[in-house]
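S.K.: sequence unknown, structure follows:
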């Protein structure tokens, strides 16, 4: 170009950003360029004109309405970064003529039905609409969540029908938050949700792009926004699922915050073109939403994913075994039930992922034990609770149920029945679902599970004192039966102390008077502590008296509970009588 200047001309061509990088790569290039011509993308209207002109030049006519259909397709695809402009029109014409060749119509007329749909042009591999909610039937548990998803479907259908009827509704925000602990099925439901949104016409493509923090942020300054933009472009037309979204804002990570800003801008600029689902556990997701006011305003729906209970965990295991064509007898199922009951309330146990761990341990033992029938899972293949304690990540903090003596079990039973009895005497109803002395992996040796009974919107001094007496009743029962109480009273005392302190400091329900005490110091702190202790002591003594009066009735319940390990409210009342 330098040595033969004037003898020939060079034209460099390419995409805008890439050509800029090309020119910047060598200072000699820019100095040898005399002219730059920008070629803008065709507008949707121009693309339609190109389509109609090419169709005409090929000797075809178009049915009324074809132009509008083509315009909608061009409007959708022209926003894509990798859109092919004129080449896209050529592809559209090719697809239309192939469809026309199949349809038995006038040979020189292109009909609306010949024009491929957006779904056909995207070709994501699963564009058959319908029956998305049937996929929920295979999911164990989650009744409330399934009901809410069905309500969501009904509402979107209503919106579509309302628009068809000419009703102008406020544009709905379809972005979502999935809240739940690990292993509760958030990713699985996200895939079903992507299919549902496709079936309802909310998105044009049945696809879910699954990402986490590592897929969005770069290693160096300037890399995050382009990396996030590429993920967004990939998700266009479908659903973007951001798992563990809270990790983007933890510790005010500048790269993570930049990714969030890029996402939020795209969610606004491309509203209606794709849906974003942010997912994570409750506390983390609340912090994530609070980290940027733009997040909450762009979220239209929140779906809660509860932890699985012991029965659901067992059902998930049996379903996985069925898929493996493994058989399990009733005796083995009893051992499975004990494992799930013990671990189901352990924090961060992993829900469905814990089930995978149990299945893995079963198969490891089965590999050693099987003889004639490789498909039969027998009792010796089921790990003990102690063995499972050794393989879970926080097992060192758990109690092996086999180490719990009969004396300890009796103390625990007495403690829990004490709570239920005093509640019955003071409130005229026990209000329990069950009392159990089955130890669990979270350290609980027993508990009373109360039935749903909404608290009063306001409470009197007597109401609160009765609450405190119920909280102190477990300790009181131990005092009556064993002469002293044990250290298994931590949560009871914490709740009782909280209520007593509120009576003294905020509710004006103590001997210290009506005035609220917000920042007590020195002697006032001592006075408050003295008053709180007096309230707790009086409540404890009152509970002791209630238990002494009803000791014979309690004896029957304690005996029955120790024999059965778990009792219902009906069994509690029956044995009291």
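M.R.: That came through, no problem. It should be emphasised that the depicted structure is a prediction, and the values quoted were computed from it without experimental measurement.

S.K.: just the pLDDT at the nearest residue to residue 95 once chain neighbours are set aside, thanks.
M.R.: Of all residues not flanking residue 95 in the chain, residue 116 sits nearest, at 4.3 Å (CB to CB, 6 or more residues apart in numbering). For glycine as for every other residue, the C-beta is placed from the backbone atoms N, C-alpha and C. If you check residue 116, the pLDDT there is 86.

S.K.: ok, residue 116 touching residue 94?
M.R.: No: shown here, residue 116 and residue 94 do not form a contact pair, counting by CB atoms under 8 Å, at 9.6 Å.

S.K.: neighbour-wise, which of the two wins?
M.R.: residue 116 (19 against 11; other CB atoms under 10 Å).

S.K.: can you give me phi and psi for that one?
M.R.: phi -60, psi 150 (degrees, to the nearest 10).

S.K.: okay but residue 19 is in contact with residue 12, surely?
M.R.: Yes: if you go by CB under 8 Å, residue 19 and residue 12 touch, sitting 6.9 Å apart.

S.K.: the more surrounded of these two?
M.R.: Between residue 19 and residue 12, counted using other CB under 10 Å, the more crowded position is residue 19 (14 against 11).

S.K.: what sits against that one?
M.R.: Counting by CB atoms under 8 Å, 6 or more residues apart in numbering, residue 19 makes contact with 12, 13.

S.K.: confirm that it sits in a helix.
M.R.: Yes: read with DSSP: H, G, I helix; E, B strand; the rest coil, residue 19 is one of the residues of a helix.

S.K.: can you give me the distance of it to residue 8?
M.R.: From residue 19 across to residue 8, the span is 20 Å (CB to CB, to the nearest Å).

S.K.: not counting its own residues, what contacts stretch 334-351?
M.R.: 181-185, 307-311, 313-314, 317, 328, 354, 357-358, 379, 382-385, 388, 392, 394, 398, 401, 438-442, 444.

S.K.: that should have said stretch 465-483, apologies.
M.R.: With contacts defined as CB under 8 Å, 6+ apart, stretch 465-483 is touched by 411, 414-419, 421-423, 426-427, 459, 484-486, 488-489, 492-493, 495-496, 499-500, 535-536, 539-540, 542-544, 546-548, 551, 554.

S.K.: of those, just the buried ones, PyMOL syntax please.
M.R.: To isolate in PyMOL the members of the contacts of stretch 465-483 that are buried, counting by 16 or more other CB atoms under 10 Å, one can use:
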select buried, resi 411+414+415+416+417+418+419+421+422+423+426+485+488+489+492+496+499+500+535+536+539+540+542+543+544+546+547+554
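
S.K.: low-confidence stretches in the stretch 1-150 of the chain?
M.R.: Scanning the stretch 1-150 of the chain for pLDDT under 70 picks out the ranges 81-82, 104, 123-130.

S.K.: any chance you could map the helices in it?
M.R.: Remark: helices assigned in the stretch 1-150 of the chain by DSSP state H, counting those that start in this stretch are 16-24, 27-30, 44-57, 66-77, 86-102, 118-122, 143-164.

S.K.: mind putting these in a markdown table, distance to residue 247 included?
M.R.: As requested, the helices of the stretch 1-150 of the chain are arranged in a markdown table below (distance: least, CB to CB, whole Å):
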| stretch | distance to residue 247 |
| --- | --- |
| helix 16-24 | 29 |
| helix 27-30 | 42 |
| helix 44-57 | 39 |
| helix 66-77 | 33 |
| helix 86-102 | 38 |
| helix 118-122 | 31 |
| helix 143-164 | 23 |
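
S.K.: for residue 265, find the nearest of those helices.
M.R.: When the helices of the stretch 1-150 of the chain are compared by CB to CB, helix 16-24 sits nearest residue 265, at 18.0 Å.

S.K.: about what we covered before: filter the contacts of stretch 334-351 to the buried ones?
M.R.: Buried members of those, counted by 16+ other CB under 10 Å: 181-185, 307-308, 310, 313-314, 317, 328, 354, 357-358, 382-383, 385, 388, 392, 398, 401, 438-442, 444.

S.K.: common neighbours of residue 19 and residue 12, please.
M.R.: The contact sets of residue 19 and residue 12 do not overlap (CB under 8 Å, 6+ apart).

S.K.: which residues are contacting the helix or strand hosting residue 503?
M.R.: Secondary structure assignment for residue 503, by DSSP states H and E: helix 490-505. Applying CB under 8 Å, 6+ apart, the contact partners of helix 490-505 are 461, 464, 467-468, 471-472, 474-475, 509-510, 512, 516-518, 520, 528, 531-532, 535-536, 539.

S.K.: from the contact counts, what lies against the following helix or strand past it?
M.R.: Using DSSP H and E, the helix or strand that follows helix 490-505 in sequence is helix 523-549. Where contact means 3 or more CB pairs under 8 Å, 6 or more residues apart in numbering; DSSP states H and E, helix 523-549 is packed against helix 406-427, helix 461-482, helix 490-505.

S.K.: in CSV: the ones you listed, plus mean pLDDT and distance to residue 3.
M.R.: What follows is the helices and strands packed on helix 523-549, written out as CSV (pLDDT from 0 to 100; distance: least, CB to CB, whole Å):
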stretch, mean pLDDT, distance to residue 3
helix 406-427, 92, 95
helix 461-482, 95, 94
helix 490-505, 94, 87
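
S.K.: of these, which is nearest residue 220?
M.R.: Closest to residue 220 of the helices and strands packed on helix 523-549 is helix 490-505 (CB to CB; 48.0 Å).

S.K.: what angle do helix 523-549 and that closest one make with each other?
M.R.: Interaxial angle, helix 490-505 versus helix 523-549 (axes from the mean of the first three to the mean of the last three CA atoms, to 10 degrees): 130 degrees.

S.K.: I'd like to know how many residues surround residue 226.
M.R.: 11.

S.K.: quick one: the helix or strand harbouring residue 556 to chain centroid distance?
M.R.: Following DSSP H and E, one finds residue 556 within helix 551-564. Put simply, helix 551-564 sits 41 Å off its chain's centre (CA atoms, centre = their mean, to the nearest Å).

S.K.: same check, this time on stretch 528-536
M.R.: That offset, for stretch 528-536, works out to 43 Å (CA atoms, centre = their mean).

S.K.: that's all I had, so thanks and see you.
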